[in-house]
Every structure is written in structure tokens, then in C-alpha cells.
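Participant: Need a 3D model of the following:
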Amino acid sequence: MKWFFVVLTLVLALPVDANPIDSLIQDFDKRYKVETANRFLDILHRGGLAEEPVTFTQQTHPDTLRMQTWYWATEYYHAVQQYDQAIAYGLRALPLCHAGGDRQTEGNLLSVLSICYVRKGDFKQAATYAKRCNEIDLAQGDPDCISSSLNTLAGIYMSSHQPKEAEKYILQALDYAAKAGNPARLAVINGMASEVYKNLKNDTLALEYGTRAYEIEKALGRKDKAAMRQTVMASALVGLQRPEEAKRVLSEAIPVLREAGDLHSLGIACNHMGLLLIQEHRSGEAVTYFNEAQQIFQQQGDIYNEALSHRGLYQALYDSQPREAMLHNMRYNELRDSLYDKDTGELLSKYAAQYGNEELLQENLEIRKSHRRIFLYGILAVAVLALGTWLLSRIRLHRQRRHTSELMQRIDRMSRQYEAMRMGHANLNDVPNDALDHSDDDNAEEGEEPVFDEKDRELIVRFVKAVDNSLPERNCNVEHIARTMGMSGATLRRRIQDASGDSPKTLISAIQMQKACIILTNEPDLPINEVALRCGFDETGNFTRVFKRTFGITPSQFIKQNNA
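Facilitator: Residues are numbered from 1 along each chain as shown. You can find the predicted model right below:
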């Protein structure tokens, strides 16, 4: 397996045309040739992904040929963590498996699809496919397969912050794995049990199960898998106040994970190491690890773990670079909000209620069918209207937050230019070119941020400073700011609108909210009314309304999230 992942890493580093596996899969999609499928599967067998050789003949039924090739394409892309491609081929193969009655392959596909959707943060789809997989496994009675699908369901519930539900599934998975006597499966499920108990804040059990998984993997000679288990052990050691042991374990695991090309586990290990370094007040080193993890998870589309990376960057940067830290915190909140919705929670609750009650549901199925049809037609119009309203509100919220984030970044750039001016330069024309941020000039296109010339930059810098100076006086209206800048209110509105594309009032509000986030982050014990006064608000209620309209949460909720 080590050789296989090394080869895959080298292959993926080549241009698409130079990747023999991608080329074979694409060629098969065009012509459905037996020879192409056999060459593709031979590479997988020699690499270790397919344990048994698979060979097709000219007499192989076309549907079987396509189903098997697409199934192994799903396994391949899952192994190299290209989850979008894995899902695409899995959805092609799935109906062919079902139509052909190949329940074993169908169950394997459903399992891989559920894992891919977990990696993408789509827990609704993940739960759907994992449940179908478990139903097939229970019908077939194979304890190894049953333990696998139960383990997947446990992982989905754990990722959805329902560790008590996850515990129910993982304990049953352990029982089935013990019956199956498959040491590799036992290692996987013990590893998941460790993560479940970590989420239940039982670090003693988390370390116990994690150590079992590590010892099994080590005995099997799978260094990369053993390193993956060490990341879970490290998390438990941190909870048990044994940080030095946790760092030692991670220091052993991270190089092995890099060598094996297991990017997902590497990202998790980097997040853990970053948190340990923050505890030692080594924030600069922590930033390096969090940045590596964030890039991995962003590339993979794993928004759950990417959110944790942004959270770590916020904690590592808030002393030295508070404004950049605030942007990471905003991104963390955006990703977290997008992870879970009402439909996902309802679906998971439904599956929790169904598990263990299949016989009762079957007895009442016919009665429920007749009533359900009438009920569904009756609520369809209301559901569509509610869904449309919800979607529009979410779209407006995300647009508002994105625009606020962009405004704060622009304000931050202008402020840095102002600081450059303070360092001995009379005006912007005297500031060295490398002290100015010209990203707006390079990237501005039609419909994007306006291009700033030197006069516009100087105007906005002066405006930001004038607003900042006016906050303690709580006199942040446009007319007052205009007078301090030596011009009329009408002139200021026109010039700011022309220079930035936003009204002065909008920029003032963004500056106030930016300052509010910094104060709430650095001084969480400060009374909200004092924060409001420092940000230029006379009334706490008005400050809270503006803050909630901007970020979707109240100042008190913001403090709780930061301290969570």
C-alpha cells in the first residue's frame, strides 16, 4: 500500500494527459472497450487497491463491464481523495448494480459514496447512502460488512455533533467486528470508537480504543494506517492533560502521513499540532501547521475540517494580527453555518428513530402509505413556499456577510497604507510602492471592486482615520465626518461613492463592526454597553441590532462562540 500511494502521488503531480489511470478511465468512457478496462484494473491490482485480479472477456455483458469499471473508478478516486470524481462514477455504477442484483457490490458502492459525502460535508446524502448500505448488509448477514456500515453511520452522527447516537452504532459495530474476526476492520472500528468517546469527553476510553487501533495496525505492518490512529491518540492525550506525549505521537505520525500521501489524516494531525503549539505560546509555528491543514481541506472540499483550521488560525493570529484573525473567524462561522441545516437534522433524527424498529415499521407500512399520500399532497404547497423563503433568506444572509467581509478587507488595506504614511511620509505619493496594496488595480474587472487611483486611496485612508477618531465621541454621522475632513456632506458622499462604490454610511458601519469584533475578541469580559460606546453607539440596543444584522448573531453569541 505504501508503494501504491507513492505512485499515486507522483501520478497526480503530472498533467492530466500524463496520468495513465485517468487516461484509461477517460478512454473507457468514450468506447467501453474490454482491453481498456483490463489495463485499468491490472494497474489497480498491481498497486494493491484491488486484492484479487479482475479480468473481462469479449463475452462479458456490457452492463457488467461498465458497472465493474465504474465501481473500481469510484474506489480509485476515493483512495486518492478526489471525492467529486468518486461520487460521479459511483452514481453511474449504482443503478447498474441494483438492476443486476449484485448486492455485495451495491453495498460497497453505497459505503464509499457515504464516506465521500461525509468528506464533502453533505451529511444528508451521507446518511441516506449509509442507511441503504446497512439495510443490504443486514439482509445478507455478513458480520464484517454489517460492522463496516454501522461504523460509517457512527461517523456521520459524530460529524453531525450527535455523539450519543454515534455511540449506539459504534458499540454494535464492535460486536459484529469481533464476530467477523477481521483485524483490519477491528482497527478501523476501534479508531472510530476512540473518536466517538473523544466527542463524548471520555478521554480515557478514547485513548484506550485509539491505542488498540494503533497496536493492531502496527502488528499488520501498515505504517500509514498506524500513523492515522496516532492522530486520534494525540487528541485523547491532550484531553488527559498529557501534551508532551501528544506532541511526541504527532511528531512521529506527521512525516509518515506526508510520505504515504494520506492528506486527510495529515490535515487533521496538523490541526492537532497547531492547537498544542498555541498552548505553548508558539503561535508562529502553529500558523504554519494550520495553514497546511486549511489548504488541504479547502482543496478536498472538506468544509468541516477546513472550519477547524480557520478557527485555529483565528486563535493563533488574534494577538499579532487581530484583523486577519477576525477574517478567519468570520470564515469559520460561515463554514460552520453551511454545514448543517434543518433538513439534515430531521433526516438524522428519522434514521435514529428507525434503527432497531424495522419490524414495527413494516407492520404499519400499509396503513401509513394511504395516509401519507393525502398528507404529502396537502402540505406540498406550504413546503415549497417555506423552502423558497428559507433559501432566499440564506442567500441574502450569505451575500450580506460576504460583502461585509470584503469591505473589512478593503478597510484593512487602507489602514495599512495609512500606517505607512505615518512612518514619515507626507502623502501617498511618497510612500514606497511595496508598502501599498495594489491588488485592486491588478484584479479589478467589470462588476468587481473599483480601481483605486492615488487620490481615491488617500481619500479613503483619511476617511477611515476620521471615523476612527470620531468613535469615542459617538458622533459618527456623515455630516460630522465631512466637517472634520474639510468638505460638505454632499461632497463627501459623492467622492466616497465614486472612490469605493459604497456610501459613507455603509463604510462607517463596517468600520464600527470591525472594531466591535476586535474588542469582543480581545476583551470578552467587557460589558456589551461599554463595547457599544467604544464603537460609537449611544444605545446598546441599536448596537446589538446592527451587529446581528451584519453577522447573523448577537454580540453575546459571538463571545460564546469564540470561547467555545
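Participant: Could you use CA atoms for every contact and neighbour count after this?
Facilitator: Fine.
Participant: Can you classify Leu49 by secondary structure?
Facilitator: coil (DSSP: H, G, I helix; E, B strand; the rest coil).
Participant: how many other residues sit next to it?
Facilitator: 17 (other CA atoms under 10 Å).
Participant: What values do phi and psi take at it?
Facilitator: phi -70, psi -40 (degrees, to the nearest 10).
Participant: mind showing which ranges of the stretch 401-550 of the chain have poor pLDDT?
Facilitator: Counting by pLDDT under 70, the stretch 401-550 of the chain has low-confidence residues at 401, 404, 410, 412-454.
Participant: make it 90
Facilitator: 401-478, 480-481, 484, 489, 496-518, 521-525, 536-550 (pLDDT under 90).
Participant: Would you enumerate the residues in contact with the residue most central in space within the chain?
Facilitator: Residue closest to the mean C-alpha point of the chain, counted by CA atoms, centre = their mean, is Ile303 at 1.1 Å. Residues in contact with Ile303 (CA atoms under 8 Å, 6 or more residues apart in numbering) are Lys120, Gly121, Phe297, Leu335, Arg336, Leu339.
Participant: Let's test this: mean pLDDT of stretch 251-264, rounded?
Facilitator: Mean per-residue pLDDT for stretch 251-264: 91.
Participant: buried set for that stretch?
Facilitator: Ser251, Ala253, Ile254, Val256, Leu257, Ala260, Gly261, Asp262, Leu263, His264 (16 or more other CA atoms under 10 Å).
Participant: and the second one, how far is that from Ser265?
Facilitator: So the one you mean is Ala253. 9 Å (CA to CA, to the nearest Å).
Participant: Look up the residues that both of these two are in contact with.
Facilitator: Joint contacts of Ala253 and Ser265 (CA under 8 Å, 6+ apart) are Met228, Thr231.
Participant: got any ranges where the stretch 251-400 of the chain has weak pLDDT?
Facilitator: Ranges of the stretch 251-400 of the chain meeting pLDDT under 90: 260-262, 264-265, 279-280, 298-305, 307, 318-319, 322-400.
Participant: quick one, helices of it?
Facilitator: Assigned by DSSP state H, counting those that start in this stretch, the helices in the stretch 251-400 of the chain fall at 263-279, 283-300, 303-317, 322-339, 342-354, 358-363, 365-422.
Participant: and the nearest residue to Asp142 once chain neighbours are set aside, what are its phi and psi?
Facilitator: Leaving aside its sequence neighbours, Asp142 sits nearest to Ala180 (CA to CA, 6 or more residues apart in numbering; 8.0 Å). Backbone torsions of Ala180, given as degrees, to the nearest 10, read phi -70, psi -30.
Participant: doesn't Ser148 make contact with Ala180?
Facilitator: No: if you go by CA atoms under 8 Å, Ala180 and Ser148 don't touch, sitting 10.7 Å apart.
Participant: In terms of neighbours, single out the busier of the two.
Facilitator: Comparing Ala180 with Ser148 by neighbour count (other CA under 10 Å), the higher total belongs to Ser148, at 26 against 17.
Participant: The more buried one and Gly284: what is the separation?
Facilitator: 41 Å.
Participant: Which strand or helix spans Gly191?
Facilitator: Using DSSP states H and E, Gly191 sits in helix 183-199.
Participant: which of the residues in that helix are buried?
Facilitator: The neighbour-count check on helix 183-199 (16+ other CA under 10 Å) flags 183, 185-199 as buried.
Participant: Over to stretch 155-174?
Facilitator: 155-160, 162-163, 165-167, 169-174.
Participant: List the buried residues for stretch 38-47?
Facilitator: Buried residues in stretch 38-47 (16+ other CA under 10 Å): Asn38, Arg39, Phe40, Leu41, Asp42, Ile43, Leu44, His45, Gly47.
Participant: Let me know the closest of the residues you listed to Trp72.
Facilitator: Nearest to Trp72 out of those is Leu41 (CA to CA; 7.5 Å).
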